[in-house]
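Student: Sequence plus the predicted model coming up.
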Amino acid sequence: MDRKDYYKPPKQMPQSKPADLIDLNQASLVYITVFAFPADKRHEKQEIHVSAPGAGPWAVGSTQSCSWWSNNIKSDAKVIVEIKSVSSGKACWKGEAECGTGTLDFKIGSDWDTKDSYYCYVYLKEDETCYGKGGEFTLISSYGYGYGEKKDYSYSKSDDYSKKTY
């Protein structure tokens, strides 16, 4: 057998004009659809994520902010915002806002224990199973930081140390 018997050269395409290359009666159209979202239902879940306040320490008497963001919750849905004690789990401050607001200020009370830690807890008013919990933060005594009792740093003329002799 000769090598010519095994090898058959390809047929050459006839030379034609570009408009003649596409025959719409015989053309096949391939249609591909790409979806930009996953097929699972994870994006239907309602979620609240608490981002503030940070770890602190925060001074007693100061005003701090609890901030959050949410997924798949209407912006006008009501949320309850609580600051809870880590040791007891009880709320020492409570407020209400719209979910779309995202921030609510609170004042750290003088009765809050500086030896305890606290966290911000935000949940839907209509569905308490949908909630977000922030990280823990600590407190420091506010005296000397501009909150609480005022320190007296004044001096009298008799305390003028610039004229002291040695």
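Tutor: Received, thanks. Numbers count the residues shown, from 1 in each chain.

Student: Paired strands for the helix or strand hosting H49, with orientation please.
Tutor: Element membership for H49, per DSSP states H and E: strand 47-52. Here strand 47-52 is paired, per DSSP bridges, with strand 63-71 (antiparallel).

Student: tilt between the helix or strand following the strand it pairs with and strand 47-52?
Tutor: Going down the chain from strand 63-71, the next helix or strand is strand 78-85, by DSSP H and E. Relative orientation of strand 78-85 versus strand 47-52 (axes from the mean of the first three to the mean of the last three CA atoms, to 10 degrees): 50 degrees.

Student: could you dump strand 78-85 to CSV, C-alpha only?
Tutor: Extracted as CSV, the C-alpha positions of strand 78-85 are listed here (Å, rounded to 0.1, in the frame of the first residue of the first chain):
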residue,chain,number,x,y,z
LYS,A,78,-38.6,48.5,62.3
VAL,A,79,-35.6,47.1,64.3
ILE,A,80,-35.0,47.1,68.0
VAL,A,81,-31.4,48.0,69.1
GLU,A,82,-30.2,46.9,72.5
ILE,A,83,-26.9,47.2,74.3
LYS,A,84,-26.5,44.1,76.4
SER,A,85,-24.2,43.1,79.2
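
Student: Not counting stretch 125-135 itself, show me its contacts.
Tutor: 46-55, 66, 68, 70, 73, 77-80, 96, 119-124 (CB atoms under 8 Å, 6 or more residues apart in numbering). No exception for glycine: its C-beta is placed from N, CA and C like everyone else's.

Student: one more time with 6 Å
Tutor: Contact partners of stretch 125-135, identified using CB atoms under 6 Å, 6 or more residues apart in numbering, comprise 46, 48-50, 68, 78, 80, 119-124.

Student: tell me how far the ends of that stretch are from each other?
Tutor: 21 Å (CA to CA, to the nearest Å).

Student: If we go by neighbour counts, what in it is buried?
Tutor: Using 16 or more other CB atoms under 10 Å as the test for burial, stretch 125-135 gives 130-132, 134.

Student: now, among the residues you listed, which is nearest to S110?
Tutor: Proximity of these to S110 (CB to CB) peaks at G134, which lies at 22.2 Å.

Student: any idea how far that closest one lies from A55?
Tutor: 10 Å (CB to CB, to the nearest Å).

Student: F137 now?
Tutor: Distance of F137 to A55, computed by CB to CB: 5 Å.
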